[in-house]
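1. The sequence and its predicted three-dimensional model are supplied below.
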Amino acid sequence: MRLDTVIFGGGAAGLWLLDRLSRDGHHVVLLESNALGAGQTVASQGIIHGGLKYTLSGLLTRSAISIREMPILWRDALLGRITPNLTRTRLRSECCYLWQTDTFSSRVGMLGARIGLQVKSEAIEAEERPAALANVYGTVARLPEQVICPASFIADLADQYRDRILKIDVAKGLKFRLGSPGEVESLILKSPTDGAELELRPGQVVFTAGAGNARLREMVGLSADVMQRRPLHMVLARGILPELHGHCVDGARTRVTITSDIDDDGRTVYQIGGQLAEDGTKLEPRALAEVARAELTSVLPSLDLSQVEWSTYRVDRAEGATGNGARPDSIQVLCAGNVTTGWPTKLVLAPILAQEIASRASSPYISAAFDPTPIAEWPRPEVAALPWQEQDRVWWRLPESQSTPIRRAA
Ligand SMILES: Cc1cc2nc3c(=O)[nH]c(=O)nc-3n(C[C@H](O)[C@H](O)[C@H](O)COP(=O)(O)OP(=O)(O)OC[C@H]3O[C@@H](n4cnc5c(N)ncnc54)[C@H](O)[C@@H]3O)c2cc1C
């Protein structure tokens, strides 16, 4: 089958690119080895950052500059005003909150406004606070950063392009034919269900497979050490909890980032990241859950955590290597031969990555309309389960805490 482009990896990056190239008239197919969004995207917190979190050092960092246009673009896509049309993506919240611990002097308030971000924080009155933040000490600010359900976002985009998304078995069902390192002439796929073979002959190949990019690059004779992984150990807490989306900041650090959702049994689930998840990589799950409970007791004094069930999951952020292991300032794109490798660095930057790769791509080679007949019977991948919906997930209660929660008036 002749194609303009083959994309590997159906997370945020690959699917946004699939939409972009399809609309640009490319004959393009996306190959997924697991479930769509299975690496980072479905495990992410789904915050459409506007960069304010990245200005807490008081500087307009490069991260903040590349992110600042994104909330408006996503908002328009979620409303169906622009393409891709994301009207079937579930919005968890219209905004996030930023609050502080009592150990640092207020710098959250109007910081965004001072340094010219598109997204500005706005200090709110005590009666406007969400229930979870009722008793926190100091300023609470509202950020117009939306929070999406990443699994529904992946399903929304994938449903629009089902005819060109294929499931593959990388270990047993994928072979590249190379002209030279980084020059893919064709690839041979073996169907994971019936062993049928399919030859694809693309003009270009794009790797947007997150952590899978390293192995794919090796398979086409390119270096794998251009990628870095930054591990996280995230915490889940479920029970009768008030809805909450936001960051508790302590100086330039984000002490915890909490987003919430409702599970199939009507319980609220907190997904807890931030510094806790960075430091938690050294801890075993139960020890980390203990630390998380102490953190929540300290940063959200009004919460009753006595009946909460806990769980954790480990996930690596996969990004272009920066040399010192720090988070890249923006997207990362590498081109060699007819192979392009991309990492968006943040979910919210997937549109910028798609734009960058599309702008470097040659014009569509094939002028006839895309005909999916040769791949009509090929197996299709599912969308990955949200971390708290995974079938083998283990939950536990913590023994009663010895420490007395510190309660303060707002
Ligand atoms: C815990 C956590 C929270 C986060 N929260 C946020 C947030 O709130 N906001 C934000 O903007 N960003 C957030 N991020 C970052 C964001 O999730 C990632 O930058 C983004 O999702 C990366 O998308 P991706 O498509 O490059 O990779 P992935 O989502 O990892 O997708 C890669 C896809 O490729 C597939 N694949 C792997 N190997 C192969 C192969 N050999 N062949 C074919 N397919 C393959 C995988 O199965 C997967 O479907 C978070 C990240 C983490 C880990």
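-> That came through fine.
2. how about low-confidence regions in the stretch 1-150 of the chain?
-> Residue ranges of the stretch 1-150 of the chain with pLDDT under 70: 51-66, 102-120.
3. Run through the residues of it sitting next to the ligand.
-> Where proximity means Cβ under 6 Å from any ligand atom, the interface of the stretch 1-150 of the chain facing the ligand comprises 8-14, 31-34, 36-41, 43-47, 49. For glycine as for every other residue, the C-beta is placed from the backbone atoms N, C-alpha and C.
4. just to confirm, which helix or strand has the closest residue to Leu189 other than its chain neighbours in it?
-> With Cβ to Cβ, 6 or more residues apart in numbering as the measure, Leu198 is the residue that lies nearest to Leu189, at 4.6 Å, once sequence neighbours are left out. Assigned by DSSP states H and E, Leu198 belongs to strand 197-207.
5. Quick check: closest non-adjacent residue to Ile188.
-> Spatial nearest neighbour of Ile188, excluding adjacent residues (Cβ to Cβ, 6+ apart): Lys175 at 4.5 Å.
6. ok, is the strand or helix carrying that neighbour in contact with the ligand or not?
-> According to DSSP H and E, Lys175 maps onto strand 174-180. No. Applying Cβ under 6 Å from any ligand atom, one finds strand 174-180 separated from the ligand by no less than 7.5 Å.
7. helices and strands around that strand, which ones?
-> Contact analysis of strand 174-180 by 3 or more Cβ pairs under 8 Å, 6 or more residues apart in numbering; DSSP states H and E lists strand 183-190 as its packing neighbours.
8. Quick one: list the elements packing against the strand it packs on.
-> Helices and strands touching strand 183-190, as assessed by 3+ Cβ pairs under 8 Å, 6+ apart, comprise strand 174-180, strand 197-207.
9. Same list, those, but as TSV with mean pLDDT and distance to Ser359 please.
-> Listed next are the helices and strands packed on strand 183-190 as TSV, based on pLDDT from 0 to 100; distance: least, Cβ to Cβ, whole Å:
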stretch	mean pLDDT	distance to Ser359
strand 174-180	98	25
strand 197-207	97	13
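10. Could you point out the longest helix of the protein?
-> In the chain, taking DSSP state H as the definition, the longest helix is helix 285-299.
11. and that one, how far from the chain's centre?
-> On the basis of Cα atoms, centre = their mean, to the nearest Å, helix 285-299 sits 24 Å off its chain's mean C-alpha point.
12. Please apply the same query to stretch 237-250.
-> The chain centre lies 19 Å from the centre of stretch 237-250; the measure is Cα atoms, centre = their mean.
13. With stretch 203-214 instead?
-> Relative to the centre of its chain, stretch 203-214 is centred 17 Å away, using Cα atoms, centre = their mean.
14. okay, that stretch in PDB with CA atoms only?
-> Presented in PDB, the C-alpha positions along stretch 203-214 are these (Å, rounded to 0.1, in the frame of the first residue of the first chain):
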ATOM      1  CA  GLY A 203       7.200   8.600   1.800                       C
ATOM      2  CA  GLN A 204       7.900   9.400   5.500                       C
ATOM      3  CA  VAL A 205       7.700   7.700   8.900                       C
ATOM      4  CA  VAL A 206       7.000   9.600  12.100                       C
ATOM      5  CA  PHE A 207       7.700   8.200  15.600                       C
ATOM      6  CA  THR A 208       5.400   9.700  18.200                       C
ATOM      7  CA  ALA A 209       5.400   6.600  20.400                       C
ATOM      8  CA  GLY A 210       6.500   8.300  23.700                       C
ATOM      9  CA  ALA A 211       8.900   5.900  25.500                       C
ATOM     10  CA  GLY A 212       8.600   3.500  22.500                       C
ATOM     11  CA  ASN A 213      10.500   6.000  20.300                       C
ATOM     12  CA  ALA A 214      13.800   4.700  21.600                       C
END
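15. Could you pull out the helices in the stretch 301-410 of the chain for me?
-> For the stretch 301-410 of the chain, helices defined by DSSP state H, counting those that start in this stretch occupy the ranges 350-360.
16. Low-confidence regions, it specifically.
-> 401-410.
17. mind running it again at 80?
-> Counting by pLDDT under 80, the low-confidence segments of the stretch 301-410 of the chain come to 366-367, 401-410.
18. How about the residues of it by the ligand?
-> Contact residues, the stretch 301-410 of the chain versus the ligand (Cβ under 6 Å from any ligand atom): 315, 317, 343-348.
19. Need the three-state assignment for the residue of the stretch 51-200 of the chain found nearest the ligand.
-> Distances between the stretch 51-200 of the chain and the ligand by Cβ to the nearest ligand atom are smallest at Val170, namely 4.3 Å. With DSSP: H, G, I helix; E, B strand; the rest coil as the basis, Val170 sits in coil.
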